[in-house]
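Student: Sequence first, predicted coordinates after that:
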Amino acid sequence: IDELTNLLNALSALPDVAAFSLYVSFGCPESLNATRFQSPLPAVRFLQYADPGDTPPPPFLRIQLHYQFVLRELFERRHHSHVLLLEDDLQLSPDLLPFLRQTNALLAADASLVCVSAFNDHALGENADPRLLKRSSFFPNLGLLFPRRGYDALWKDQPLDATTNGWDHWLRIRAASLRLECLFPVAPRVRHVVSANSSTVSRALAARLQAYPLVQESRVDLGDLSYLLRTNYERSLLRLFVHPDDQFRVLRGMALDSHRSLAGGPSLPDNRVRYLACDLQDPEVVVVPGKSGREAAVALRYHERVVV
């Protein structure tokens, strides 16, 4: 209850929040429901998930079914144009809503984009530039904004009767299979708060989560975002790995479907990759924290660039 209250209070402090409809959906009715929760915000409306059978499904599947219920309710029955999903144990950047407003235009401009995330799983190893975004089918799974088109492509009418290791893993596989992607910021606009009632209770994990950057400015101007359109983005990636003389041919080859490519489409040129022994004093080698401390065994140099 405290976490949910804190999240709603944080939402109420965000600029332009009055332009949004706020809902709270309870995914474990045996633990918490609308009759037991007093919202600090009078405008909040409540949704109540119910399990499909008499016995609660396994935890991961239950979370997935809950997400599907919320999206179906808000898109198909209440006809909202977009849905932003926030878990109750999140800390919010004051730039969260301005960030989503600016990136939403890309969702309308590029059919291959189906959501915007407010988190970056790899933020600890990046430069935390608040203006920079990336795109990927490997969804950073916190603070997801879906347009109706994204819901129709990924979630609508999907039979959810089993799951592997979580709804987010299922979502990544589905998006990748459809060649669809999500935008996410280098510098997160949300992060987990450490809580004894959630998966963040582990001391080691808690210390790691607290180290994640969180944008503190109230509004960051993201500038021209056209570099994130699929064609532009793929060209920018080619510049990292492919010699300029080969970029057009390789880009044209990337447009082929997988079956044609595997059957003998254009292959990547030989980049004459050579391995570099990791030297912690080498300014061109990025050292990232690993499970056993500071480790970076090998870096690859492509045309005088180091990729870690």
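Tutor: Received it, and whenever you're ready, just let me know what you need.

Student: Could I get the pLDDT score of Asn104?
Tutor: Listed pLDDT for Asn104 reads 94.

Student: Please report how far it lies from Ser136.
Tutor: 18 Å (Cβ to Cβ, to the nearest Å). In short, each C-beta sits where N, CA and C put it, glycine included.

Student: go on, Arg72?
Tutor: In terms of Cβ to Cβ, Arg72 sits 26 Å off from Ser136.

Student: How about Arg101?
Tutor: 21 Å.

Student: Next: Ser12.
Tutor: 32 Å.

Student: Which residue ranges of the stretch 1-150 of the chain form helices?
Tutor: Listed in chain order, the helices of the stretch 1-150 of the chain (DSSP state H, counting those that start in this stretch) span 2-12, 59-72, 96-109, 148-154.

Student: closest to Asp161 out of these?
Tutor: helix 59-72 (7.8 Å; Cβ to Cβ).

Student: now what about that closest one, what contacts it?
Tutor: Helix 59-72 is contacted by residues 23, 25, 27-28, 47, 49, 51-52, 56-57, 83, 85, 146, 151, 155-156, 158, 160-167, 170 when judged by Cβ atoms under 8 Å, 6 or more residues apart in numbering.

Student: Restricted to buried residues, select those in PyMOL.
Tutor: This is the PyMOL syntax for the buried subset of the contacts of helix 59-72, where burial follows 16 or more other Cβ atoms under 10 Å:
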select buried, resi 25+27+47+49+51+57+83+85+146+151+155+163+167+170
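
Student: residues touching the residue lying closest to Leu178 once chain neighbours are set aside, list them.
Tutor: Once flanking residues are discounted, Leu178 sits nearest to Ala153: 6.4 Å by Cβ to Cβ, 6 or more residues apart in numbering. Going by Cβ under 8 Å, 6+ apart, Ala153 touches Val114, Leu178, Leu180.

Student: Under the pLDDT cut-off, which ranges of this structure? List them.
Tutor: Low-confidence regions of the chain, defined here as pLDDT under 70, cover residues 33-34, 139-140, 162-165, 195-203, 240, 247, 251-308.

Student: Mind doing that once more with 80?
Tutor: Counting by pLDDT under 80, the chain contains low-confidence ranges at 1, 29-42, 125-128, 138-141, 160-167, 194-209, 234-308.

Student: How many neighbouring residues does Ala50 have?
Tutor: By other Cβ atoms under 10 Å, 10 other residues sit near Ala50.

Student: for it, phi and psi?
Tutor: In terms of degrees, to the nearest 10, the main-chain angles of Ala50 are phi -130, psi 140.

Student: With Arg172 as the reference, measure out to it.
Tutor: Taking Cβ to Cβ, one finds Ala50 at 27 Å from Arg172.
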